[in-house]
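**Q** Sequence and predicted model, in that order:
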Amino acid sequence: MTFILPYIVHRCASLNYFAIFCFWSYLLSLYSTKYYTLRSTERMFNITITKILCTIIPIYYIFKKMVEAWSKSGWWTKYSEIRLIDLENRILSVLTSIFKTWYVHVGPIVGEDDKIWTVLLNKDSQNTPLVLLHGFAAGLGFWCKNFDDLAKDRPVYAIDLLGFGRSSRPHFAKKCEDSEQQMVDSIEAWRKQLNLEKFILLGHSFGGYLATSYAINHPDRVKHLILADPWGFSEIPPHLNLSLRLRVLSVILYPFTYFNPLAAVRATGPLGPWLVKKMRGDISLKYDDVLSDSGIILEYIYQCNSQYPSGETAFHSFISKFAYAKNPMIRRFDKIKSEIPITVMFGQYSWISKESAITLRSQRPNSYVNIEVIPNAGHHLYSDRPKLFNKIVNETCKISDLGLDVDNTYAKEIPNNLLNDTFRWKFDKYIEEETKEMDEEEQEAVIKGVKVNQNTVTVK
């Protein structure tokens, strides 16, 4: 039983089935307690564990339902729609450009009448619009350091993804494939309402994942795809070389994978803002130069995520092994239309793996795939180095306007700082295999050729 229990837990489709399993195990344990006078230490251990689980599971379900109800009413949490509106207004007040915010009603995509909160800048420009999709647990206010620069030459739209920020909070499908399609459908319905024929689509992190999925589903609408530190592209490594400390920690934290990522923020109720400050206090430092009160952005994060976790629950269905995607984009690169130009941007010190970008470029040798690495930036590269981020995005948009992204002619070399420690050994291995039977001059020629045109590099 000791060895079977973890396997059964792993194979259970949901906690509902696990609860049923615990219930019947509890009955069996009572039976064994009543009729067996001589029990081994292992049997006693199993009975004790089973009884504990049978106590925890009902309490968990009751508490979960209570928190969900409290999240909707705002009773237990400190969520306030009025406060969220005020915080967003204060964040957007740093803009010098004229902008408009409003709800775009997209109809019954997931709920009965879904609506997407939208901001628009420079609406009169005739250049190709730029559409921004934020990452997980964020909102359109996160782009406040980018709006003015990006909107100088073109219309810029940013939205709160369905299920996030101030947009509607419907119940998404439980399967990740279905909920992903629902999110993509909501973006397409939003586009139709605004009559946008074609646009440049930029997504950060989880927004990059959805932007790619949208480009696969609606290729004729995307003029250029810009991915900023995109999440969910790499496969789960077959063998993770974790330290003993991390392996023990992963076992301890495994039960928490059944919870939404930010469940603790809502479960702690009035302590939620303090928890956000402890968890993501670093983000406030990124906005110190534009916001007079650094606590505004942290409270904005709290107000965005202390509501009913609609989009968060959908995102939870996407993830596997804590941080990876169940259906990573690297498996779907072949479905991206070859005519769609792609720019991938990374923060130099981001935790996001950069290997998938190399694979993407190698699989699209005749398509425009440009890779940029922003130095001294992390995952939130748009706020870490906003001026450089804006410069790269604007240059990419101008290249798109001029039609210079139809092939790889104007794509830059792969930056040297892209080849970090996690990838460099594979790159070196590739060079070693290609040059092992060559003399020194031929080896130098190959290495030089790879550096000049690294579209040819395929790392397996």
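**A** Structure's in. What do you need?
**Q** Next up, phi/psi of residue 390, please.
**A** The phi/psi pair for residue 390 (degrees, to the nearest 10) reads phi -60, psi -40.
**Q** and the closest residue to it other than its chain neighbours, how far is that from residue 296?
**A** Distances taken as Cβ to Cβ, 6 or more residues apart in numbering put residue 149 closest to residue 390, at 3.8 Å, once the chain neighbours are dropped. (Each C-beta comes from the backbone N, C-alpha and C, glycine too.) Plainly put, residue 149 is 21 Å away from residue 296 if you go by Cβ to Cβ, to the nearest Å.
**Q** Which stretches in the chain count as strands?
**A** Using DSSP state E, the strands of the chain run over residues 99-107, 114-121, 130-133, 156-159, 199-204, 222-228, 319-320, 324-325, 342-347, 369-374.
**Q** could you pull out the helices for the stretch 101-250 of the chain?
**A** In the stretch 101-250 of the chain, the helices defined using DSSP state H, counting those that start in this stretch lie at 147-150, 176-194, 206-217, 244-253.
**Q** Repeat that for the stretch 351-460 of the chain.
**A** Going by DSSP H, counting those that start in this stretch, the stretch 351-460 of the chain shows helices at 355-363, 381-384, 386-401, 421-435, 440-452.
**Q** Just to check, residue 386 is in contact with residue 146?
**A** Yes. Residue 386 is within contact range of residue 146, at 5.8 Å (criterion: Cβ atoms under 8 Å).
**Q** With neighbour numbers in mind, choose between those two.
**A** Neighbours of residue 386 and residue 146, each counted by other Cβ atoms under 10 Å, are more numerous for residue 386; the result is 23 against 20.
**Q** Let me know how buried the closest residue to that one other than its chain neighbours is, in neighbour terms.
**A** In this structure, residue 386 finds its nearest non-sequential neighbour in residue 145, 4.1 Å apart by Cβ to Cβ, 6+ apart. Neighbouring residues of residue 145 were enumerated by other Cβ under 10 Å; the total is 22.
**Q** Stretch 384-402: which residues count as buried?
**A** Of the residues in stretch 384-402, 384-386, 388-390, 392-394, 396-397, 399-401 count as buried by neighbour count, 16 or more other Cβ atoms under 10 Å.
**Q** Could you pull up the residues touching the nearest residue in space to residue 107 that is not next to it in sequence?
**A** Once flanking residues are discounted, residue 107 sits nearest to residue 189: 6.2 Å by Cβ to Cβ, 6+ apart. For residue 189, the contacting residues are 106-107, 109, 114, by Cβ atoms under 8 Å, 6 or more residues apart in numbering.
**Q** Over to the residue nearest to residue 219 when sequence neighbours are not counted: give its phi and psi.
**A** Spatially, and ignoring its direct neighbours in sequence, residue 219 is nearest to residue 337 (3.9 Å; Cβ to Cβ, 6+ apart). With angles defined as degrees, to the nearest 10, residue 337 sits at phi -60, psi 130.
**Q** partners of the closest residue to residue 361 other than its chain neighbours in the sheet?
**A** With sequence-adjacent residues excluded and distances taken as Cβ to Cβ, 6+ apart, residue 361 is closest to residue 369, at 4.3 Å. Here residue 369 sits in beta bridges with residue 342, as judged by DSSP bridges.
**Q** Residue 369 touches residue 410, doesn't it?
**A** No. Judged on Cβ under 8 Å, residue 369 makes no contact with residue 410 at a distance of 11.1 Å.
**Q** Right, I'll leave it there.
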